[in-house]
Each structure stands twice: as structure tokens, then as C-alpha cells.
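Q: Predicted model and sequence below, questions to follow.
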Amino acid sequence: MISIYLDKESWLHRLPAGVKLLVVAVVSIVLFQLDSVWVFLGGLAGVFALYASLGKDGLARLSVIRGLLMFFGIVLVLHWLSGTFFEGIVVVMRLTILFLAANLISITTRMDDMMEALMPLFKPLQWFGVQPRRFALGVTLVLRFAPHLMQIFAILREAYQARTGSRNSWRLLAPFAIHALRMSDNVAEALKARGGSAGLSR
Amino acid sequence: MALWPKKKNRKPERVCDPDADTFAVFDGVGVTLGQRTVLEDLTLSLKEARIGVIGLNGSGKSTFVRLLNGLRTPDKGNLTLFGAPAADAEPELPRHVGFVFQNPDHQAIFPTVEEEIAFGLTQLGAGKEESRKEARAFLELHGCLELAESPIAELSEGQKQLVCILSVLVMEPELLILDEPMTSLDALAVRRIYGKLMSLPQKIVMISHDLTHFENFDRVIWLEGGRVRLDGPPQQVLAAYRNDIEEKSGTKMELAAL
């Protein structure tokens, strides 16, 4: 199992999960109202400073952005082609800030705290007879298994490369989907064996 | 999950008797998966403290043990678990029956050991702080307190499986089911986990391909093609199983029969 949680003590770890989620939500809304490069530069500096406040391990986690570089490249090229290169840069800066801020929550928040903070959002579902805990648990499961799915894809790619010599192919998509379904079956079974998503306290 | 689930009428009273000496009674039980018959005509009762389940791949072992905690339900015959019909007992079974899977990566949901252990306690209705405290106490009791804050991802395979076993034990089940729990472990981890398991007060039903694990068990059940081929004390059943494998492998290699 892979997890993205950063195992250490910091002021960001101690901050309640609800506060962190709220701050990121507010920041996202504000950022989408603005398009000043100076504000975004300040925002980027701010996010970097937050990672730096977690120490060396924190700064190392900035590397998650690598996964988005290709996507950013595409955005920039599209904007450049339509003659709005400058706006493209603004979009990329905005996304970078938001992505890094959201990732900061994942690496500094324990899963059960996150679940508890999310629970009130799903409260209205109670009126329809759906337990909010189920949805909160669903969100945690997504966060927990996203990196695991990437690992499965890497294994499939290795197996493919070992026999064909090429690394990527659309042919990997179908087996990947099957593996993902199988895995979710197994996880669901393990969860059910411990009382299921709604718990046993009824 | 249904978009609009019906409110189930849950009976407030418990139907399971966790202290039942005979925890499972199979009466002509059969399970089918689509067109395929996975288990057929099983009639036996289980009460021994250490029960081993053996058989070749596809013989129905996994389905058999999944009947014991409600992960599968019989399509034919009657199954009684802890004194109650399986269908009535199902919602209560996770309290009484712990299940350890082959792959810890599919069982551990939370990123840190302490959270994983605490999850079982919140499942039983404990609050967050209470369950964290109890989880730490439980880890200390089992000599693993130093693992509490560790990300499960960074543990060895043996440690991961130990955490999975503890996360099930913390719910204090009466019966522990293990579906090939040691298949992916190295020899040292196998020995440690096995020693741990044998020291437990819980009754155990275990699947394993390592027959030496069952030498001191009370009973071994050999499944073949979804039926009980032999059922009895380990000396007798293990010897017969070994002979059968010798015979089958001695005849000409038939890959298609694997």
C-alpha cells in the first residue's frame, strides 16, 4: 500500500481538518475571481512557504506537481495557438496553487480526521435515509486507493514492456479496468467483513 | 448501492449466540456461481478450536470459508451459524467472525497503523478519541506500540499482515478465519505470524497450502471439486492428501488439468 500522508508533527498537522478544507475552498473561490499575475506569484510563494514550513520532507513533496507538467504543457500550447499565451500562464499558475494547496491537506491530515470533517457536508443525505458516514468513507477510500491504482498500472506496464519492448499502449486500458474492478471487489469484501460502510453500532 | 435504499427493518434483538460450542452447521449446503457449481452437498458441523482447510486451487476452499462470515450465502441447503439461520445471523457476523485475507493491501484501508486498528472500534460504535486510545492500548498489549504512527505502506509484508490480523482481533471475534494468510510472507515472517495465531484464544479456521501448518490442528477438511473428499484428524487427512498429490503428479504431465 502507498499512502501520501507525511508522518511527522507540524503546525499544519495540528490544524483541524475542517479549517484546512475551508481555507482551501475559500482560496479556490477567490483565485477564480482574480487574474492578476502578481497575486498569483504571491500565492505561489505562499504555497511554497507552507511546504517549506514542513521542513525538508515537506519541500520534497512539491514534486507531485511533476505529474501535471504534461497537462500544463498542453494547456499552454492550446492557449498559444489561440493567441492567448499570457492567459494560459495565468491558468497554469492558478491550477498549480490550487493543486499544491489541496495536496498540502492530504499530506498533513489523518484520514479519520478528514472523514470527520467531511461528515457534516453529507449530513443532508440523512433526510433521504443515506448514512453520511458511507460517503465520508467513500471519499477516504478514493484518496487511499488512487496511488494504489497507479501502482497497478505501473505493474501492468512492466509486464507489457517485458514482452513487447514498448512502454505504453492503449491495449493496457482494458486489463487495467479489469484489475481495478477486481481490486475494488476485494476491498469491498474486506470492508464488509469488518461490518461494512455503515458500521455495526446500530 | 441503491440510489434510494429502503429502510431496513432491523430487529433490535440479537440472534447469534457467540458462545455456541458448535459455531456452524452445514446441512446439504450448495453454492453456485452463474452456471458453475462451486460447493455441493456439504453436510458437516464445526466446533473444533483449530480447523484447517486444504484442497487444490478451485476446489471451493475460499467460498467455503466465506460462508462462515456471510460474505457468501448458500444457494441450496441450510446453514446455521452461531445457533441462527445464516440469513438472520448475517448482520451480526462481523462482530463474531474476524476475516483475514491473503493480500494485506486489500484489507488495510487507512494510511497509519493506529487508524487501521481504531477503525474496527469505531465500527463497533466507539468515538474517535476513545477508539484511538484503545487502539494504542491494544497495540501495546501486542508489543507493537512503536508501529502506531507508522504508515502501513512502509511496513514489511509480515508487519502488514500482523496489522491486518490485529485490526480484526481488536473487534474481539469468537472465530478467526484466515484465507491463505501467509502466502506472500518470507519464512521468518511465516513462523512469527503462525506462532502468534496459534497463541490466540479464538477458534480458527484456516486455509493454507503449507501442510505443515496443520500438523497440530484438531481437524482438517479436504475439499475437492466443491465436495468434502476427506474430513478428520490431520495425520490421516494430510497423509491421504499428500499421497493423492504424489499420484496425480506421477502420472503424465497434463497441463490442461492444472
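A: In hand now; what should we look at? Residues are numbered from 1 along each chain as shown, chains lettered A, B, ... in the order given.

Q: Can you tell me the element residue 26 falls in?
A: As the question left the chain open, I've gone with chain A. helix A:17-33 (DSSP states H and E).

Q: actually it's chain B I care about, not the one you picked
A: Per DSSP H and E: B:Phe26 is located in strand B:24-33.

Q: so what's A:Gly88 up against?
A: Applying Cβ atoms under 8 Å, 6 or more residues apart in numbering or on different chains, we find A:Gly88 in contact with A:75-76, A:78-80. From N, CA and C alone the C-beta is placed, and that goes for glycine too.

Q: In three-state terms, label it for me.
A: Per DSSP: H, G, I helix; E, B strand; the rest coil, the secondary structure class of A:Gly88 is helix.

Q: Can you tell me, leaving aside adjacent residues, what's nearest to it?
A: Distances taken as Cβ to Cβ, 6 or more residues apart in numbering or on different chains put A:His79 closest to A:Gly88, at 2.8 Å, once the chain neighbours are dropped.

Q: hey, which helix is longest across the chain?
A: Defaulting to chain A. helix A:132-164 (DSSP state H).

Q: should've been chain B
A: Longest helix of chain B, by residue count under DSSP H: helix B:234-250.

Q: what's the spacing between the spatially most central residue of chain B and A:Ser166?
A: By Cα atoms, centre = their mean, chain B has its centre lying nearest to B:Ile177, at 2.0 Å. Distance, B:Ile177 to A:Ser166, by Cβ to Cβ, to the nearest Å: 43 Å.

Q: Run through chain A and note the low-pLDDT ranges.
A: Applying pLDDT under 70 to chain A flags the ranges A:1-4, A:201-202.

Q: which parts of it sit against chain B?
A: A:1-5, A:7, A:110-112, A:116, A:128-130, A:134, A:140-141, A:144, A:148, A:183, A:186-187, A:189-196, A:199-202 (Cβ under 8 Å from any Cβ of the partner chain).

Q: Drop anything exposed from those.
A: A:1-5, A:110-112, A:116, A:130, A:134, A:140-141, A:144, A:148, A:183, A:186-187, A:189-195, A:199-200 (16 or more other Cβ atoms under 10 Å in any protein chain shown).

Q: Compute the number of surrounding residues for residue 154.
A: Defaulting to chain A. Neighbourhood size, A:Ala154 [other Cβ atoms under 10 Å in any protein chain shown]: 10.

Q: meant chain B, my bad for not saying
A: The number of residues packed near B:Glu154 is 14, by other Cβ under 10 Å.

Q: show me the contacts for the residue nearest to A:Gly88.
A: For A:His79, the contact set (Cβ under 8 Å, 6+ apart) comprises A:85, A:87-89, A:91.

Q: Buried members of these into ChimeraX, please.
A: Remark: buried members of these, expressed as a ChimeraX selection using 16+ other Cβ under 10 Å:
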select /A:88,89,91
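
Q: can I see the domain layout of chain A?
A: As recorded under automatic domain parsing, the domains making up chain A are A:11-109, A:120-193.

Q: will you turn the ones you listed into JSON lines that also has distance to B:Val228?
A: Output for the domains of chain A, formatted as JSON lines (distance: least, Cβ to Cβ, whole Å):
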{"stretch": "domain A:11-109", "distance to B:Val228": "49"}
{"stretch": "domain A:120-193", "distance to B:Val228": "24"}
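
Q: out of these, nearest to B:Pro234?
A: Across those, B:Pro234 has its closest neighbour in domain A:120-193 (26.7 Å, Cβ to Cβ).

Q: Return the set of buried residues in the host helix or strand of A:Met70.
A: Assessed by DSSP H and E, A:Met70 sits inside helix A:69-81. By neighbour count on 16+ other Cβ under 10 Å, the buried set for helix A:69-81 is A:72, A:75, A:79.

Q: cool, and stretch A:167-181?
A: If you call a residue buried by 16+ other Cβ under 10 Å, then stretch A:167-181 has these buried ones: A:172, A:176, A:179.

Q: wait, what's in contact with the second one?
A: Applying Cβ under 8 Å, 6+ apart, one finds that A:Phe176 lies in contact with A:152-153, A:156.

Q: The first one too?
A: When contacts are counted by Cβ under 8 Å, 6+ apart, A:Leu172 is found next to A:153, A:156-157, A:160.

Q: How are the strands of the stretch 151-258 of chain B distributed by residue range?
A: Ranges of strands in the stretch 151-258 of chain B, per DSSP state E, counting those that start in this stretch, are B:175-179, B:203-207, B:219-224, B:227-232.

Q: what about those strands, which gets the closest to chain A?
A: strand B:175-179 (8.6 Å; Cβ to the nearest Cβ).

Q: So for the closest one, mean pLDDT?
A: For strand B:175-179, the mean per-residue pLDDT is 96.

Q: now it against strand B:203-207, angle please.
A: Relative orientation of strand B:175-179 versus strand B:203-207 (axes from the mean of the first three to the mean of the last three Cα atoms, to 10 degrees): 10 degrees.

Q: just checking, what packs against strand B:175-179?
A: Where contact means 3 or more Cβ pairs under 8 Å, 6 or more residues apart in numbering or on different chains; DSSP states H and E, strand B:175-179 is packed against helix B:61-67, strand B:97-100, helix B:157-169, strand B:203-207.

Q: Deepest in the core, which of these is it.
A: strand B:97-100 (a mean of 28; mean count of other Cβ atoms under 10 Å in any protein chain shown).

Q: so what strands line up beside it?
A: Using DSSP bridges, strand B:97-100 pairs in its sheet with strand B:175-179 (parallel).

Q: For chain A, give me its nearest residue in the stretch 1-150 of chain B.
A: Using Cβ to the nearest Cβ, the closest approach of the stretch 1-150 of chain B to chain A is made by B:Gly125 at 2.9 Å.

Q: Within the helices and strands, which one has that residue?
A: Using DSSP H and E, no helix or strand contains B:Gly125.

Q: A:Ala174 too?
A: In this assignment (DSSP H and E), A:Ala174 forms part of helix A:173-193.

Q: could you dump that helix to PDB, C-alpha only?
A: In PDB, the C-alpha atoms belonging to helix A:173-193 read as follows (Å, rounded to 0.1, in the frame of the first residue of the first chain):
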ATOM      1  CA  LEU A 173      -6.600   0.100 -20.600                       C
ATOM      2  CA  ALA A 174      -8.900  -2.900 -20.700                       C
ATOM      3  CA  PRO A 175      -6.700  -5.000 -18.400                       C
ATOM      4  CA  PHE A 176      -6.300  -2.000 -16.100                       C
ATOM      5  CA  ALA A 177     -10.000  -1.600 -15.900                       C
ATOM      6  CA  ILE A 178     -10.400  -5.300 -15.000                       C
ATOM      7  CA  HIS A 179      -7.700  -5.100 -12.400                       C
ATOM      8  CA  ALA A 180      -9.300  -2.000 -10.900                       C
ATOM      9  CA  LEU A 181     -12.700  -3.700 -10.700                       C
ATOM     10  CA  ARG A 182     -11.200  -6.900  -9.200                       C
ATOM     11  CA  MET A 183      -9.400  -4.800  -6.600                       C
ATOM     12  CA  SER A 184     -12.500  -2.900  -5.700                       C
ATOM     13  CA  ASP A 185     -14.200  -6.200  -5.300                       C
ATOM     14  CA  ASN A 186     -11.600  -7.400  -2.900                       C
ATOM     15  CA  VAL A 187     -11.600  -4.100  -0.900                       C
ATOM     16  CA  ALA A 188     -15.400  -4.200  -0.700                       C
ATOM     17  CA  GLU A 189     -15.200  -7.700   0.600                       C
ATOM     18  CA  ALA A 190     -12.700  -6.800   3.300                       C
ATOM     19  CA  LEU A 191     -14.700  -3.800   4.300                       C
ATOM     20  CA  LYS A 192     -17.900  -5.900   4.600                       C
ATOM     21  CA  ALA A 193     -16.100  -8.500   6.700                       C
END
